[in-house]
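Enquirer: For reference, the sequence and a predicted model appear below.
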Number of protein chains: 2
Amino acid sequence: MHEILSLVEERAFSKLRGVLIDMNPADIAEQMTEIEDDKSLVIVFRLLPKEQAAEVFSYLESEEQQRIVARISDRELAGLVNEMFVDDAVDFTEEMPANIVRRVLALADPDTRKAINQLLKYPDNSAGSLMTTELLRLKGEWNVAEAIAYVRKNCMDLESITYAFVTDDSRHLTGVVSMKEVLGSPDEALISSIMDDDVIYAATTEDQADVAEQFKKYDIVSMPVVDGEMRLVGLITIDDVVDVMEDETTEDIYKMAAMAPIEDSYMSTSVFSLAKKRVVWLLVLMISATFTGLIITKFENMLTAVAILTSFIPMLMDTCGNAGSQASVSVIRALVLGEVHFSSMLKVIWKEFRVSIIVGVCVAVVNFIRIIAFYYLGMYQIDAGQNIFLIAGVVSMTLILAVICAKFVGCTLPLLADKAKLDPALMASPMITTIVDAVSLLVYFGIASLVLL
Amino acid sequence: MHEILSLVEERAFSKLRGVLIDMNPADIAEQMTEIEDDKSLVIVFRLLPKEQAAEVFSYLESEEQQRIVARISDRELAGLVNEMFVDDAVDFTEEMPANIVRRVLALADPDTRKAINQLLKYPDNSAGSLMTTELLRLKGEWNVAEAIAYVRKNCMDLESITYAFVTDDSRHLTGVVSMKEVLGSPDEALISSIMDDDVIYAATTEDQADVAEQFKKYDIVSMPVVDGEMRLVGLITIDDVVDVMEDETTEDIYKMAAMAPIEDSYMSTSVFSLAKKRVVWLLVLMISATFTGLIITKFENMLTAVAILTSFIPMLMDTCGNAGSQASVSVIRALVLGEVHFSSMLKVIWKEFRVSIIVGVCVAVVNFIRIIAFYYLGMYQIDAGQNIFLIAGVVSMTLILAVICAKFVGCTLPLLADKAKLDPALMASPMITTIVDAVSLLVYFGIASLVLL
């Protein structure tokens, strides 16, 4: 497993070199993060052949990248930056402190520098920041034989040749053609005749989440990026989009648990920053929860008269909170996946209504039996003149009604939020729980007043 | 927007044909689901050229696929199945009722039938069920010129030619080479000399979630699949993997909200099936929550003595539940992304401990001020002899301690579950809330006994 680390410790460098050459760059990078001594880290890095070194480097976390850059010579850094694919070089540069960025830009060759600078200018999370500028361009007037000759001469510097893009003389995007189509067509066919002129493209300023949506919708593996004048400026490949999708999901999940999303990984986010991301929602929800408390204050007399009612409060709150979260999380996820829309609100409500009746009745029946059982086991005491069947009935009736309300609130709020252009993920468990708590207590005390007083 | 639907309603079929030819298959499929009349649906489908029809068909939901298949002739169905990529044909067949499956298999040409049959045999969610059997094979002893000639002759039937796979005479996988590498190498270079013999591959029986992990880890776009004897049998492409990732995420999110994952989309899952997926966890959590209620029963005397304490119970439960969920969801997501492991448990606990102190103190201070303010606003009544500052102090002290406990429980349980080979997603909000409720009430009554009685 930790082969590299032990070979470093044994100082068995020539053996290590042999091992490294056969390893996958992602695996090498993973093991390199375990080397705590900077000197050894750089030794391992220097053992890698130039091209492999660039690949491994792009898989490293920015902490390790920085540790290496701090110790290698300008000549080595220049070689590294020029060898890396431009989008990887940009990803790396973005994470570095200003002095390293200046050093990198000073050392990069003019073409690479221009490309890096251009990409660095695009806002975070835009299609421009995601793209590489290295892509395969063909001319529409070329025939297939000419195109293949061109590809064979130039392809080694490119990240992906699965699709080629056709531009006119002013670099406007006019079509796309797959390498499969090029290779499968006769030598004399014109590229313009085999290309598809209905290209799915992104604008440099487009949000990366929208770009990811398009990749999923159209099942595509790369997408050209154009500037404001429809000039082809870059290419987004699916491996970068997979990372975006993952980030978007993490954001959604964080929001659903009442946290502001973090930008880095959990382990590399500071304690203070984690606390900040969490405390705001916690305060908001705490304040709202106090109103639930006020409901209890209002019905204090009833709780004094039938003391056992208090002990069902946690169970009612939790069960209804969970029932509501189930509905809200289902609907939020379906919204994200594009399976439901605001227009299907009535269908969703009708569906959740039927689900809540089945679920509510099941839970209520089990709860009724449980209360009676606990009573006869001596776990509940009631005052003389009170009837345990009546009390169990009140609690179970509350469960049915409150579960129905909870599922209703849980399924409608995310849809309303989406309609109001708010993020539906904010309407997940914590928010629903807070609202549903109040609802279920009101139902509880309402029914109890009618039946027991 | 709904161009197809309106052209169908106007019966403007020749105009529609022109419109369809220029549209993207995914967009056509999306609009076709809106056609409610079967006859019109089939008319639109028949207007599509053969190849486009196969593509559009593979984007349709199984409901629409079935509506079309029920109305087209055997000759049309045969043409459709043989035109589709094998993995798409399998995806379609899997969703159909048995009589349609038989009809499809009877009509498919022998090669296609063999391939479909073979893929249908792999278990759901295995690499085998995800792969296509159409892939580009090269021989190691060919030179580049021969390989290119072979590719140009055969590529049009293949789904992806981005990578070619090299096998020996007994079809054992020996290497992989990118089309870029092939095209960029001189004519006389041998494929065996330019191929990479360290191939990342999957076994047919491997779980698709593990396959997806590999795609993410190695940033790859396709992966060969081998049988038990290392014979190359298929290829998984990243577009299928993206769907798997999405399904895995949905599963995680459902589990986090205390639901068994659904197999279909939310809208196409029946009410009964949704209820079944939800009720089990709801019952489990309800039963556990009753123990929280028993804690209250135990401290009934205290609640009678200082009645206002009851009204803080919902706020304490919700706030601590949310604080615990924040920690557990952060850790669960970090586990899924491979950012933390059981071995970093102490680091995680130390991190969450410091976070919980900051968060706990903030929440406690705000809460203290809030209670005093509400008291002077007349929203809280206390009995003579009781001190509101002391009561607010008890609640705030409870908040700090209970938030610390909640974050501790929230961050350790997912890691322990992972270590015990259980799904950490089960340790999300609902489970944590139930445990943390009991903890926070015990802390609450403990402190209150010490200070107030």
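Expert: Everything's here; your move.
Enquirer: Pop out the phi and psi values for residue A:178.
Expert: Torsion angles at residue A:178 (phi, psi; degrees, to the nearest 10) stand at phi -80, psi 150.
Enquirer: Chain B versus that one, what's the distance?
Expert: Counting by Cβ to the nearest Cβ, to the nearest Å, the gap from residue A:178 to chain B is 9 Å. Where you see a C-beta, it was placed from the backbone N, CA and C, and this is true even at glycine.
Enquirer: which non-adjacent residue is nearest that residue?
Expert: The shortest distance from residue A:178 to any non-neighbouring residue, by Cβ to Cβ, 6 or more residues apart in numbering or on different chains, is to residue A:163 (5.4 Å).
Enquirer: and that neighbour, how many neighbours?
Expert: 24 (other Cβ atoms under 10 Å in any protein chain shown).
Enquirer: Apart from its neighbours in sequence, what residue is nearest the residue of the stretch 351-453 of chain A found nearest chain B?
Expert: Closest to chain B within the stretch 351-453 of chain A is residue A:358: 3.9 Å, counting by Cβ to the nearest Cβ. Setting aside the residues directly before and after it, residue A:358 is nearest to residue B:275 in space (Cβ to Cβ, 6+ apart), at 3.9 Å.
Enquirer: wait, the one you found sits on residue A:359?
Expert: Yes. Here residue B:275 reaches residue A:359: they are 5.2 Å apart, a contact under Cβ atoms under 8 Å.
Enquirer: can you give me how far stretch A:126-145 is from the chain middle?
Expert: 28 Å (Cα atoms, centre = their mean, to the nearest Å).
Enquirer: helix, strand or coil for residue A:339?
Expert: Three-state assignment for residue A:339 (DSSP: H, G, I helix; E, B strand; the rest coil): coil.
Enquirer: next one: residue A:234
Expert: strand.
Enquirer: what residues are up against the nearest residue to it once chain neighbours are set aside?
Expert: Distances taken as Cβ to Cβ, 6+ apart place residue A:131 nearest to residue A:234, at 3.2 Å, with adjacent residues excluded. Going by Cβ atoms under 8 Å, 6 or more residues apart in numbering or on different chains, residue A:131 touches A:87, A:119, A:204, A:225, A:233, A:234, A:235, A:236.
Enquirer: try residue A:295
Expert: In this structure, residue A:295 makes contact with A:438, A:441, A:442, A:445, judged by Cβ under 8 Å, 6+ apart.
Enquirer: can you tell me which of the residues you listed are in helices?
Expert: Counting by DSSP state H, the contacts of residue A:295 place A:438, A:441, A:442, A:445 in helices.
Enquirer: shaky segments in chain A?
Expert: Applying pLDDT under 70 to chain A flags the ranges A:1-2.
Enquirer: which ones are touching the closest residue to chain B within the stretch 1-150 of chain A?
Expert: Across the stretch 1-150 of chain A, the shortest distance to chain B (Cβ to the nearest Cβ) belongs to residue A:26, at 4.8 Å. Residue A:26 sits next to A:59, B:217, B:218, B:219 when contact means Cβ under 8 Å, 6+ apart.
Enquirer: and the closest residue to the first one other than its chain neighbours, what element?
Expert: Closest residue to residue A:59 apart from its sequence neighbours, by Cβ to Cβ, 6+ apart: residue A:29 at 3.6 Å. Of the helices and strands defined by DSSP states H and E, residue A:29 is found in helix A:25-32.
Enquirer: How many residues are close by residue A:231?
Expert: Look at residue A:231: counted by other Cβ under 10 Å, it has 13 neighbours.
Enquirer: For it, give me its contacts.
Expert: A:167, A:170, A:171, A:172, A:173.
Enquirer: For PyMOL, what selects the buried ones among the residues you listed?
Expert: Buried members of the contacts of residue A:231, defined by 16 or more other Cβ atoms under 10 Å in any protein chain shown, are picked up in PyMOL with:
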select buried, chain A and resi 167+173
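Enquirer: Output the contacts of residue A:231 as a markdown table; include the columns distance to chain B and secondary structure.
Expert: Below are those laid out as a markdown table (distance: Cβ to the nearest Cβ, whole Å; DSSP: H, G, I helix; E, B strand; the rest coil):
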| residue | distance to chain B | secondary structure |
| --- | --- | --- |
| A:167 | 20 | strand |
| A:170 | 24 | coil |
| A:171 | 23 | coil |
| A:172 | 19 | strand |
| A:173 | 16 | strand |
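Enquirer: which parts of the helix or strand hosting residue A:321 are buried?
Expert: Using DSSP H and E, residue A:321 maps to helix A:313-336. Buried residues in helix A:313-336, counted by 16+ other Cβ under 10 Å: A:313-336.
Enquirer: Quick check: what element follows that helix along the chain?
Expert: The element immediately downstream of helix A:313-336 (helix or strand, assigned by DSSP H and E) is helix A:345-376.
Enquirer: that older thread, kindly export the helix holding residue A:29 (C-alpha atoms) in PDB.
Expert: The C-alpha trace of helix A:25-32 is given here as PDB (Å, rounded to 0.1, in the frame of the first residue of the first chain):
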ATOM      1  CA  PRO A  25      -0.300   9.400 -11.500                       C
ATOM      2  CA  ALA A  26      -3.400   9.500  -9.200                       C
ATOM      3  CA  ASP A  27      -2.000   6.800  -7.000                       C
ATOM      4  CA  ILE A  28       1.400   8.400  -6.800                       C
ATOM      5  CA  ALA A  29      -0.200  11.700  -5.800                       C
ATOM      6  CA  GLU A  30      -2.300  10.000  -3.200                       C
ATOM      7  CA  GLN A  31       0.800   8.400  -1.600                       C
ATOM      8  CA  MET A  32       2.900  11.500  -1.900                       C
END
